[in-house]
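Trainee: my questions concern the predicted model and sequence given below.
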Amino acid sequence: MLHQLINKLSYQKTIPEQQLQEFFKVLDNLDLLRHDFDQIMNDLLKDPNKERKYLDSLTRNLMSDPVMLPNSKQILDRVTIKRLLIKKQEDPFDRSFLSEDMLVEQKELKQEIKQYIESKKQEMRLLRQSKSKYQN
């Protein structure tokens, strides 16, 4: 959709060519990021083993700040549980009382997730480089 908009602006000559080229570069980078994210999520969802622990127990999204709920011992992303706590101060798994200050930070898991993402990004960069070598 954004590509169409930029093409239209280009056709109408409303924006200088230099700026249009910069927009196209930004869009291409966003496409690559989206593709990388989709690939990471697909890999995670396919893997029945350890990487599943990188996913939020409720949303099944990749976590960036994992926390453990003290009673149910479930691990969620901090953003997910904070949203739930706004409505009701209870553990969504066992209905026990829960407040934000009771959440148990998961520093090791957080670091593990960061490393996993970095390794996947590196894999994809290398894959792109090798594809571009063969295409040229």
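Mentor: Looks like it arrived, so ask away.

Trainee: burial count for Leu33?
Mentor: Using other C-beta atoms under 10 Å, Leu33 has 11 neighbouring residues. Every residue, glycine included, has its C-beta placed from N, CA and C.

Trainee: oh, that last question was meant for Glu108, not what I typed.
Mentor: 9.

Trainee: equivalent analysis for Gln18, please.
Mentor: When neighbours are defined as other C-beta under 10 Å, Gln18 has 8 of them.

Trainee: and it, what pLDDT?
Mentor: As summarised for this prediction, Gln18 has a pLDDT of 82.

Trainee: what are the ranges of the helices in this structure?
Mentor: 2-12, 17-46, 78-87, 107-135 (DSSP state H).

Trainee: Ile40 and Lys120 touch, don't they?
Mentor: Yes: contact criterion C-beta atoms under 8 Å: Ile40 and Lys120 qualify, at 4.9 Å.

Trainee: okay, and the common contacts of the two?
Mentor: With contacts defined as C-beta atoms under 8 Å, 6 or more residues apart in numbering, no residue is shared by Ile40 and Lys120.

Trainee: buried ones in stretch 75-87?
Mentor: Ile75, Leu76, Asp77, Arg78, Thr80, Ile81, Leu84, Leu85 (16 or more other C-beta atoms under 10 Å).

Trainee: nearest to Asp28, of those?
Mentor: Asp77 (29.0 Å; C-beta to C-beta).

Trainee: you'd agree that closest one is up against Asp56?
Mentor: Yes: judged on C-beta under 8 Å, Asp77 makes contact with Asp56 at a distance of 4.6 Å.
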